[in-house]
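K.L.:
Just a sequence and a predicted model for now, questions to come.
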Amino acid sequence: RLRIDGLAPCLLPGGASEYVASYVPTEASHVDLEVACAIWVYWVPLNDDDEPEPVECVVGVALDPEQIPDEAEPLAGILRCPGAELEEVVLDGATMGPFV
């Protein structure tokens, strides 16, 4: 019996935090478990509002919304994640996340 602690159940397969796995003590064994990752994407301007375009900025990705700076803004565009189940995430410029 396996129990996953410290992750929100919504990030785990089937929303479950407990799993049962069978094994034979004389054979090597492993359990594959895919876990989703919730991220927040934002940008923070570096130059003053009085400066002309283009705006210099820092783009950030956070795993915890508490890590997002107060001056952060939502980002519009496409986040590409090769190899992920969902390889493209549309960032609508209205929300910073979470994107799973």
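P.N.:
Received the coordinates, thanks.
K.L.:
quick one: contacts for the residue nearest to N47 when sequence neighbours are not counted?
P.N.:
Here the nearest residue to N47 in space, its sequence neighbours aside, is E56; by CB to CB, 6 or more residues apart in numbering that works out to 5.1 Å. Glycine gets a C-beta too; all of them are placed from N, C-alpha and C. Listed by CB atoms under 8 Å, 6 or more residues apart in numbering, the contact partners of E56 are P45, L46, N47.
K.L.:
just those residues: which has the poorest pLDDT?
P.N.:
Across the set of the contacts of E56, N47 stands lowest in pLDDT, at 72.
K.L.:
what about that residue, how many neighbours?
P.N.:
Per other CB atoms under 10 Å, the neighbour tally for N47 reads 12.
K.L.:
wait, doesn't it sit right on V55?
P.N.:
Yes: using CB atoms under 8 Å, N47 is in contact with V55, at 6.2 Å.
K.L.:
mind checking the backbone torsions on the residue nearest the centre of the chain?
P.N.:
Nearest residue to the geometric centre of the chain (CA atoms, centre = their mean): I39, 2.4 Å. Main-chain dihedrals, I39, degrees, to the nearest 10: phi -130, psi 160.
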